[in-house]
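Q: Sequence and predicted structure, then a few things I'm wondering about:
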Amino acid sequence: MAQGMLRSSNLKIVFDYGMDENNKPIFKTKTFNRIRLDSTPDELYNTAIAIGSVSKEPIWAIERNDSHEIGK
């Protein structure tokens, strides 16, 4: 049976920059690479909120992206 090993993890914060001239939402992201592999969702959420507090644009989403190596 194949197994996955967590190799890396990123924190992505998506900011809402309003609407463009065609009434479509504008989102911009900030990605933080090499976060601790054992970070909990609460730690990442609190970190993202702290980072977002110094931005004038509101946070639209907070995401964690993990990369796994698959092997036997």
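A: It's in.
Q: Quick one: mean pLDDT over the host helix or strand of Phe27.
A: Element membership for Phe27 (DSSP states H and E) is strand 25-32. For strand 25-32, mean pLDDT is 97.
Q: Show residues contacting it.
A: Outside of strand 25-32, the residues within contact range by C-beta atoms under 8 Å, 6 or more residues apart in numbering are 10-20, 51, 57, 60. C-betas here are computed from N, CA, C, even on glycine.
Q: Now, the residues you listed that are in helices?
A: Ile51 (DSSP state H).
Q: Taking the contacts of strand 25-32, please make a ChimeraX selection of just the buried ones.
A: Buried subset of the contacts of strand 25-32, written as a ChimeraX selection, criterion 16 or more other C-beta atoms under 10 Å:
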select :11,13,14,15
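Q: what about the spatially closest residue to Lys12 that is not a sequence neighbour, how many neighbours?
A: Spatial nearest neighbour of Lys12, chain neighbours left out: Glu63 (4.3 Å); criterion: C-beta to C-beta, 6 or more residues apart in numbering. Counted with other C-beta atoms under 10 Å, residues neighbouring Glu63 total 13.
Q: what angle do the host helix or strand of Glu63 and strand 25-32 make?
A: Element membership for Glu63, per DSSP H and E: strand 59-71. Here the directions of strand 59-71 and strand 25-32 differ by 50 degrees (axes from the mean of the first three to the mean of the last three C-alpha atoms, to 10 degrees).
Q: Report the buried residues of strand 59-71.
A: Buried, per 16+ other C-beta under 10 Å, within strand 59-71: Ile59, Ile62.
Q: now Asp66, nearest residue through space, not along the chain?
A: According to C-beta to C-beta, 6+ apart, the nearest residue to Asp66 is Ser9 (5.0 Å).
Q: Next: Gly18.
A: In space, Gly18 is closest to Ile26, 5.8 Å off (C-beta to C-beta, 6+ apart).
Q: and the longest strand seen in the chain, average pLDDT?
A: Criterion DSSP state E: the longest strand present in the chain is strand 3-19. Mean per-residue pLDDT for strand 3-19: 96.
Q: now do stretch 51-64
A: In the prediction, stretch 51-64 has an average pLDDT of 97.
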